[in-house]
Structures are given as structure tokens and as C-alpha cells.
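**Q** give me the fold of what follows.
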Amino acid sequence: MRTEDIERLAAEERKAYFKAWRAANKEKTAEHRRHYWEKKALERLNTEQNKGA
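**A** I've put the predicted structure just below:
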């Protein structure tokens, strides 16, 4: 088997694993998503405040 084939298969396995994990851990996934967007909003506010100062 070629290296590219192995890498592609590994990527597919990771994708399937994480898809199953997210399905089984919906509350953790939602919490992570909420934290991510809160962080992005804070970064935007900080950037806008720094531009105005």
C-alpha cells in the first residue's frame, strides 16, 4: 500500500471516530461550540476597542 492510501484511510478512520464521539457526547460538543464562539466574540470586542483607542 502506498503512503497516500494509508494517510487517506487514517483520515477516514479519524473522521468516523470523531463523528461517533460527537454523536455520543452532544452536550460536550455544544458546550465546546458555545465557548469557541464566546471567545471569538471577546476577541472581536478587544480588537474593536483597541482600534478606537
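
**Q** roughly how far does Arg8 sit from Arg14?
**A** Shown here: Arg8 relative to Arg14, a distance of 11 Å by Cβ to Cβ, to the nearest Å. (C-beta placed from N, C-alpha, C; glycine too.)

**Q** what's the answer for Glu38, then?
**A** Counting by Cβ to Cβ, the gap from Glu38 to Arg14 is 27 Å.

**Q** residue ranges with poor pLDDT in this protein?
**A** Per-residue confidence of the chain (counting by pLDDT under 70) places the weak regions at 53.

**Q** now the helices for it?
**A** Per DSSP state H, the chain has helices spanning 3-24, 26-52. These are given in chain order.

**Q** take those helices and lay them out in TSV including mean neighbour count.
**A** As requested, those are arranged in TSV below (neighbours: other Cβ atoms under 10 Å):
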stretch	mean neighbour count
helix 3-24	10
helix 26-52	10
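
**Q** which residue is nearest the centroid of this structure?
**A** When the chain is reduced to its mean C-alpha position, the nearest residue by Cα atoms, centre = their mean turns out to be Arg33, at 7.7 Å.

**Q** and it, what is it in contact with?
**A** Under the criterion of Cβ atoms under 8 Å, 6 or more residues apart in numbering, Arg33 has no neighbours.

**Q** from Arg22, how far off is it?
**A** According to Cβ to Cβ, Arg33 and Arg22 sit 10 Å apart.

**Q** could you do Arg8 as well?
**A** Applying Cβ to Cβ to Arg8 and Arg22 gives a distance of 21 Å.

**Q** repeat that for Lys28.
**A** When Cβ to Cβ is applied, the distance between Lys28 and Arg22 equals 8 Å.
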